[in-house]
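need a structure here:
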Amino acid sequence: MRWTLKLTLFLTFMVFFNCSQEKEHILEIDGKTIGTETTSIILLKPNQDTRFDSIIEIPVIDGKFHYKSKLEHPEAVSLFLTKDLGRFMPLFLENEKMNLTIYDQDEFDKNLVEGGELNAQYKAYKQSLDEKFEQRLKPLQDSLMALSDRDQYISDQAKLLFEELRVAKSQDEKVPIYRKIDGLQRSRQYLSPQAQALEDKIKPIYEEQKVFQQNYIRENPTLVSYSFLLESLIFDKETIDIQEAKKSYHILSKANPNHPYNELASNLINAIENVKIGKEFTDFSAPDLNGNAINLSDKINGKIALLDLWATWCGPCIAKSRTMVPVYNDYKDKGFTIVGVAGEFRNTDNLIKFLDKEKWEWLNLVELDRKNGIWQKYGVDGGGGGMFLVDEQGIILAKDPTAEEVRKVLETRLN
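Down below sits the predicted model:
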């Protein structure tokens, strides 16, 4: 009897102890700032936008800050000072205690992070990367910075275009200037000859770094590696090796089952791989202004169509959409249509007022608060939008075409 009582008490104690231990497994950050008057610390998750998304903002009071949360999954974030952003520091959040020392942006390299296995892994990776590449990269980067300080980084042609942008009075005037700047970049005339020569020397070193990182991902498929893949998928869409990215995704998703990054990475890969000239468009459903769900395919099947992803807060998007009005009017009865999707946040008040004023005759749908992931599906998340010209069979003919380019296609195919 006494033995049974002791066993019961012991088991009760163990249950209580385990529950207490479980409660202690939370993320707890204690931090201090040095040399900065920032009022808050921003923790930005992959693919978040400070303008619209619900972000983590930690108040800084008398140079100190504290944050506590229970995480369902470990996460990678970028740490900034206030919403003005600027320089950032990678940080990995786990249900552990962490101590941070954050300096002013000019001295961000001095930041200290103590606590968390993932932060230790990142620190070791960064040290290995610097040991292998920093001595080769730093002199070239310092030379580029010196050119920038002397206003010798971009070419004289680019400077003239930026001056035109400065004095332009409307977004309609700015759109063709943006096009010219893009043309300079494509023809390697955007940078000064000295800067271009330095960039050409840096490029192969960056390629070596990519290989170094790919090998690290294969050997260490942790959340640190997952953050590297997501960063490439978000910021290097035009240059990423998609086959290597798919291999990394296969390894990382298998090693991190049920993590939300698996869906995000899959969507980003699909957008890069499928939203290309010569590929079939990606279908979706979105509501019109009356709340009726509309399938894109139902509205463009058998027609040449321009999908216009835009927003009332995106001036360049609006200016470009306006250039399509005469094209639409000339060809709307000949087998051409436009479907606009406005990427709005919180409500459609601004959209209703805007369309009432502009009186665009084509169908406009709404992507409210990113509910349907349309921007992500088309690889334009993080920006105002993009345009995609699709033929009668649903094949993408052009990405971000000008009105003149659209008209030329329609003259050839529909006249």
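
In contact with residue 292, which residues?
Going by C-beta atoms under 8 Å, 6 or more residues apart in numbering, residue 292 touches no other residue. Placement of C-beta: from N, CA and C, glycine included.

burial count for residue 373?
15 (other C-beta atoms under 10 Å).

quick one, what contacts it?
Contacts for residue 373 (C-beta under 8 Å, 6+ apart) come out as residue 267.

and the gap between it and residue 292?
The spacing between residue 373 and residue 292, counted by C-beta to C-beta, to the nearest Å, is 19 Å.

same question, residue 375
21 Å.

Equivalent analysis for residue 413, please.
Distance from residue 413 to residue 292, by C-beta to C-beta: 30 Å.

same thing with residue 143?
58 Å.

Pull out the buried positions in stretch 299-311.
Buried residues in stretch 299-311, defined by neighbour count with 16 or more other C-beta atoms under 10 Å: 299-300, 303-311.

Now do the end-to-end distance for it.
20 Å (C-alpha to C-alpha, to the nearest Å).

mind listing what residue 158 touches?
So residue 158 contacts 181, 184, 189-191 (C-beta under 8 Å, 6+ apart).

Mind pulling up the pLDDT for it?
Looking at residue 158, its pLDDT is 96.

that's a helix at it, yeah?
Yes. Checked against DSSP: H, G, I helix; E, B strand; the rest coil, residue 158 lies within a helix.

now for the longest helix anywhere in the chain, which elements pack on it?
When the chain is parsed with DSSP state H, its longest helix is helix 117-149. Contact analysis of helix 117-149 by 3 or more C-beta pairs under 8 Å, 6 or more residues apart in numbering; DSSP states H and E lists strand 89-93, helix 193-219, helix 223-235 as its packing neighbours.

Pipe those into CSV and attach distance to residue 409 and mean neighbour count per row.
Converted to CSV, the helices and strands packed on helix 117-149 look like this (distance: least, C-beta to C-beta, whole Å; neighbours: other C-beta atoms under 10 Å):
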stretch, distance to residue 409, mean neighbour count
strand 89-93, 44, 20
helix 193-219, 34, 14
helix 223-235, 30, 21
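
Looking at those, which is nearest to residue 367?
Counting by C-beta to C-beta, residue 367 lies closest to helix 223-235 out of those; the figure is 18.5 Å.

got the angle for the closest one vs strand 89-93?
Between helix 223-235 and strand 89-93, the angle comes out at 130 degrees (axes from the mean of the first three to the mean of the last three C-alpha atoms, to 10 degrees).

how about low-confidence regions in the chain?
Counting by pLDDT under 70, the chain shows low-confidence ranges at 1-24.

how about the helices of it, start to end?
Counting by DSSP H, the helices of the chain are 2-24, 117-149, 156-167, 171-186, 193-219, 223-235, 242-255, 261-274, 296-300, 315-323, 325-331, 349-358, 374-377, 403-414.

between the ones you listed, which one is nearest to residue 394?
Residue 394 lies closest, by C-beta to C-beta, to one member of these: helix 296-300, at 7.4 Å.

ok, residues contacting that closest one?
In contact with helix 296-300 (C-beta under 8 Å, 6+ apart) are residues 281, 283-286, 305, 307, 337, 339, 363, 390, 394.

Show me those that map onto strands.
Using DSSP state E, the subset of the contacts of helix 296-300 located in strands is 285-286, 305, 307, 337, 339, 363, 390.

re earlier: dump the helices and strands packed on helix 117-149 to JSON lines, plus distance to residue 123.
What follows is these, written out as JSON lines (distance: least, C-beta to C-beta, whole Å):
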{"stretch": "strand 89-93", "distance to residue 123": "10"}
{"stretch": "helix 193-219", "distance to residue 123": "13"}
{"stretch": "helix 223-235", "distance to residue 123": "10"}
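
between the ones you listed, which one is nearest to residue 352?
The nearest among those, by C-beta to C-beta, is helix 223-235 at 31.6 Å.

Could you name the helices and strands sitting against the closest one?
Using 3+ C-beta pairs under 8 Å, 6+ apart, helix 223-235 sits against strand 75-81, strand 89-93, helix 117-149, helix 193-219, helix 242-255, helix 261-274.

what would these look like in TSV with distance to residue 157?
Converted to TSV, the helices and strands packed on helix 223-235 look like this (distance: least, C-beta to C-beta, whole Å):
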stretch	distance to residue 157
strand 75-81	34
strand 89-93	36
helix 117-149	16
helix 193-219	12
helix 242-255	33
helix 261-274	31
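
Take the helices of the chain and write them to a markdown table, including distance to residue 104.
Output for the helices of the chain, formatted as a markdown table (distance: least, C-beta to C-beta, whole Å):
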| stretch | distance to residue 104 |
| --- | --- |
| helix 2-24 | 34 |
| helix 117-149 | 18 |
| helix 156-167 | 29 |
| helix 171-186 | 32 |
| helix 193-219 | 27 |
| helix 223-235 | 24 |
| helix 242-255 | 35 |
| helix 261-274 | 31 |
| helix 296-300 | 48 |
| helix 315-323 | 33 |
| helix 325-331 | 49 |
| helix 349-358 | 37 |
| helix 374-377 | 34 |
| helix 403-414 | 47 |
